[in-house]
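>>> model the following, please.
(chains A and B)
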Protein chains: 2
Amino acid sequence: MKRKKIAVVGVGLIGGSMAIQLHEKKLSSGLIGVDASAAHAQQALEMELVDEVLPLEQAIAASEVVILAVPVDQLVQQLPAILDLVKDQIVIDLGSTKSQLVEAVKDHPRRGRYVATHPMWGTEYSGPAAAMRGAFEKKAVIICNASDSDADALEWTRAMFEKIGMRILEMGAAAHDLHAAYVSHISHITSFALANTVLQKEKEDNAIFELASAGFESTVRLAKSNPAMWVPIFLQNKENVLDVLKEHIAQLQRFKESIEKDDDRYLLKLIEDANKIRRIIK
Amino acid sequence: MKRKKIAVVGVGLIGGSMAIQLHEKKLSSGLIGVDASAAHAQQALEMELVDEVLPLEQAIAASEVVILAVPVDQLVQQLPAILDLVKDQIVIDLGSTKSQLVEAVKDHPRRGRYVATHPMWGTEYSGPAAAMRGAFEKKAVIICNASDSDADALEWTRAMFEKIGMRILEMGAAAHDLHAAYVSHISHITSFALANTVLQKEKEDNAIFELASAGFESTVRLAKSNPAMWVPIFLQNKENVLDVLKEHIAQLQRFKESIEKDDDRYLLKLIEDANKIRRIIK
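Residues are numbered from 1 along each chain as shown, chains lettered A, B, ... in the order given. Sure thing, here's the model as predicted:
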């Protein structure tokens, strides 16, 4: 596989971790970083996540592949303008929502150069310092609306994810957004809300956290996640997120009612039902 | 510290893990297992978690220390009868709720022999096969209503937890149950309800879990926890659990409303508030 000159737009957790993989898996002949934050761009350069830093336009002109790893609100704004600047470059985004994004460029004359993807990996940290070696490996990546991408762009993108060690799935953007609401977005809302529940209590009683156990840490760790990333995800995937959130609140109400009524048999059934997650999560 | 002959009543996740520590930290001169399940008792013997298995009465008669690691509904039923059988043995329970238990024996003539404790450790697995080496180490353990225990019983119990490597806190049973609702019980309800939310959806769409990411696994892993342990915890700690659960549902409603109204500023504030959990969870 011939190495390509690659621009990474957004050198934070996702873009920085991808830059490490592009280098280590010998996919890039050179990495150009782009970031709206001069401090982050400088940090990415010092950490050697990228070889050089350039403004967006120059980075696109100097690259064969452009990888976008910015929050999804910025993606929707920037992608049409980026495609305006593209000749035969391949443009790949790594965003967590897909419907609004593919809609925003569906009639663009360069639509074929663009491949819509969502690698299912992340951590609760952000910025270049959060970039990790070995990220994305053995995780799933979803490619959306693949038939709207040029064959060469799609082929290179698939080869890139395979070389990183990802499992590739294809689906439409609408199906992606529905699934992402269930297996990613709701977990974050739950965790944010749980943190707020407990922090609310802590105002009265600051000894409470001396007792925090591993179980608590596990359910609340996503609450450290970056608001600049998650606010636009929830708003762009509004309908799906609200559907899942309403169902989740209804499920919590069932626990509430069974406890209020001392209904140990129903409570047992609710927990036995939940245990079926063992089939899926080893 | 002189080794003692110790009976462990309930040789599952908690009792089995404690048995390993009692042996490895040279606290026991011999370990007697007791379990309502003959299969579990046999398994504990085969795994060498305990040296012998005896019926409860004989185990108490043959021991200097009796450690109770059974579900909290059984604790409340059995503890008075166990104290009836005790001469100068020390009886320690490891249960997750404390108020009903200390209430059940508060006027018992042998109350002083009993020490009420809650080591803040567990996993989502259960039974003797789930017993782990190194469990409890560096975690907190709460001793409740310590002044109701005889000085020698309390002193030995504290020394035992210290030798295992635990941080000891003392508080009243009511304060314990309130705190446990916030830092442990609500996390389990959240996780059970999240599993049910997503499993409900899976009925329509069994491809959904191909996408499950590490974040999802983290928030949902407690949903594998044992119903026989958790149903009585929620019911015994009913008032506190309901208070926290209502607050948690209210926090989720705030997310729901801010998304419904596209209120990005309020959503940002909710997430920034949640991020303050960073102070507590590294």
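
>>> could you say which helix or strand holds A:Met160?
helix A:151-164 (DSSP states H and E).

>>> also A:Lys201?
Secondary structure from DSSP H and E places A:Lys201 in helix A:186-202.

>>> what angle sits between that helix and helix B:186-202?
Inter-element angle recorded for helix A:186-202 and helix B:186-202: 160 degrees (by axes from the mean of the first three to the mean of the last three Cα atoms, to 10 degrees).

>>> mind jotting down where the helices sit in the stretch 101-250 of chain A?
A:151-164, A:173-180, A:186-202, A:214-220, A:227-236, A:238-260 (DSSP state H, counting those that start in this stretch).

>>> for the fifth one, which outside residues touch it?
Helix A:227-236 is contacted from outside by A:71-74, A:76, A:96-97, A:99-100, A:126, A:185, A:188-189, A:192, A:241, B:255, B:259, B:262, B:264, B:267-268, B:271-272, B:275, using Cβ atoms under 8 Å, 6 or more residues apart in numbering or on different chains. Quick note: C-beta positions are derived from backbone N, CA and C, even for glycine.

>>> please redo it, this time with the cut-off set to 7 Å
A:71-73, A:96-97, A:100, A:126, A:185, A:188, A:241, B:259, B:262, B:264, B:267-268, B:271-272, B:275 (Cβ atoms under 7 Å, 6 or more residues apart in numbering or on different chains).

>>> list only buried entries from these.
Among the contacts of helix A:227-236, those buried by neighbour count (16 or more other Cβ atoms under 10 Å in any protein chain shown) are A:71-73, A:96-97, A:100, A:126, A:185, A:188, A:241, B:259, B:264, B:267, B:271, B:275.

>>> got the residues of the stretch 51-200 of chain A near chain B?
A:120-122, A:139-140, A:142, A:169, A:179, A:182-184, A:186-200 (Cβ under 7 Å from any Cβ of the partner chain).

>>> so for stretch A:80-94, what gets flagged as buried?
A:82-83, A:86, A:89-94.

>>> next, give me the two most distant ones among the residues you listed.
The most widely separated members of these, counting by Cβ to Cβ, are A:Val86 and A:Leu94 (17.1 Å).

>>> not counting residues beside it along the chain, what's closest to A:Leu45?
Of all residues not flanking A:Leu45 in the chain, A:Val53 sits nearest, at 5.4 Å (Cβ to Cβ, 6 or more residues apart in numbering or on different chains).

>>> which phi and psi values does that neighbour adopt?
Main-chain dihedrals, A:Val53, degrees, to the nearest 10: phi -120, psi 130.

>>> re earlier: show me which pair in the buried ones among the contacts of helix A:227-236 is furthest apart.
Using Cβ to Cβ, the two most remote members of the buried ones among the contacts of helix A:227-236 are A:Gln100 and B:Asn275, lying 25.3 Å apart.

>>> about what we covered before: sitting in helices, which of the contacts of helix A:227-236 do you find?
A:72-73, A:100, A:188, A:241, B:259, B:264, B:267-268, B:271-272, B:275 (DSSP state H).

>>> got a markdown table for those residues, with distance to B:Val220 and pLDDT too?
As requested, those are arranged in a markdown table below (distance: Cβ to Cβ, whole Å; pLDDT from 0 to 100):
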| residue | distance to B:Val220 | pLDDT |
| --- | --- | --- |
| A:Val72 | 24 | 97 |
| A:Asp73 | 28 | 97 |
| A:Gln100 | 27 | 97 |
| A:His188 | 12 | 95 |
| A:Val241 | 17 | 97 |
| B:Ile259 | 21 | 98 |
| B:Asp264 | 28 | 97 |
| B:Leu267 | 23 | 97 |
| B:Leu268 | 26 | 97 |
| B:Ile271 | 20 | 97 |
| B:Glu272 | 25 | 96 |
| B:Asn275 | 21 | 95 |
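
>>> out of these, who's nearest B:Glu162?
The closest of the ones in helices among the contacts of helix A:227-236 to B:Glu162 turns out to be B:Asn275 (Cβ to Cβ; 35.3 Å).

>>> measure the closest residue to the closest one other than its chain neighbours to A:Leu45 for me?
Among residues not flanking B:Asn275 along the chain, A:Lys224 sits closest, at 6.0 Å (Cβ to Cβ, 6+ apart). For A:Lys224, the distance to A:Leu45 equals 26 Å [Cβ to Cβ, to the nearest Å].

>>> compare these two (neighbour count), which wins?
Set A:Lys224 next to A:Leu45 and count neighbours by other Cβ atoms under 10 Å in any protein chain shown: A:Lys224 wins out with 20 against 17.

>>> tell me the pLDDT of the more buried one.
A:Lys224 carries a pLDDT value of 95.

>>> repeat for the one 3 residues further on
With respect to pLDDT, A:Pro227 scores 96.

>>> now do it against B:Leu267, distance only.
As judged by Cβ to Cβ, A:Pro227 and B:Leu267 stand 8 Å apart.

>>> does the residue nearest to B:Asn275 touch B:Arg279 like I think?
No - at 10.3 Å, A:Lys224 does not count as touching B:Arg279 under the criterion of Cβ atoms under 7 Å.

>>> in the stretch 1-150 of chain A, which residue sits nearest chain B?
A:Met120 (4.4 Å; Cβ to the nearest Cβ).

>>> so who does the residue nearest the centre of chain A touch?
Geometric centre of chain A, nearest residue: A:Ser96, 4.2 Å, by Cα atoms, centre = their mean. Counting by Cβ under 7 Å, 6+ apart, A:Ser96 touches A:72, A:118, A:180, A:184, A:233.

>>> could you measure from the first one over to A:Met160?
Same thing as A:Val72. Distance of A:Val72 to A:Met160, given as Cβ to Cβ: 21 Å.

>>> where does A:Phe209 land on pLDDT?
pLDDT at A:Phe209 comes out at 68.

>>> give me the nearest residue to A:Asn240, chain neighbours excluded.
Here the residue nearest A:Asn240, using Cβ to Cβ, 6+ apart, is A:Ala181, at 3.7 Å.

>>> quick one: contacts for the one you found?
A:Ala181 makes contact with A:237, A:240-241, A:244 under the criterion Cβ under 7 Å, 6+ apart.

>>> now it: how far from B:Lys282?
Separation of A:Ala181 from B:Lys282 (Cβ to Cβ): 29 Å.

>>> and if you look at A:His108?
On the measure of Cβ to Cβ, A:His108 and B:Lys282 end up 45 Å apart.

>>> what about the two, which has more around it?
A:His108 (16 against 7).

>>> quick check: closest non-adjacent residue to that one.
Counting by Cβ to Cβ, 6+ apart, A:Leu83 is the residue found nearest to A:His108 once chain neighbours are left out, at 4.9 Å.

>>> cool, and A:Trp156?
Using Cβ to Cβ, 6+ apart, the closest residue to A:Trp156 is A:Ile90 (5.7 Å).

>>> list only those of the contacts of A:Ser96 flagged as buried.
The neighbour-count test (16+ other Cβ under 10 Å) marks A:72, A:118, A:180, A:184, A:233 as buried among the contacts of A:Ser96.

>>> closest to B:Ser149 among these?
Checking these against B:Ser149 with Cβ to Cβ, the nearest one is A:Ser184 at 47.9 Å.

>>> any part of the worst-scoring helix or strand of chain A on mean pLDDT near chain B?
Every helix and strand of chain A was ranked by mean pLDDT, DSSP states H and E. The lowest is helix A:214-220, at a mean of 86. Yes - counting by Cβ under 7 Å from any Cβ, contacts between helix A:214-220 and chain B involve A:215-220.

>>> re the thing from before, format the buried residues of stretch A:80-94 as CSV; extra columns: secondary structure, pLDDT and distance to A:Ala135.
Shown next, in CSV, are the buried residues of stretch A:80-94 (DSSP: H, G, I helix; E, B strand; the rest coil; pLDDT from 0 to 100; distance: Cβ to Cβ, whole Å):
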residue, secondary structure, pLDDT, distance to A:Ala135
A:Ile82, helix, 98, 24
A:Leu83, helix, 98, 27
A:Val86, coil, 98, 26
A:Gln89, coil, 98, 24
A:Ile90, strand, 98, 21
A:Val91, strand, 98, 21
A:Ile92, strand, 98, 16
A:Asp93, strand, 98, 17
A:Leu94, coil, 98, 11
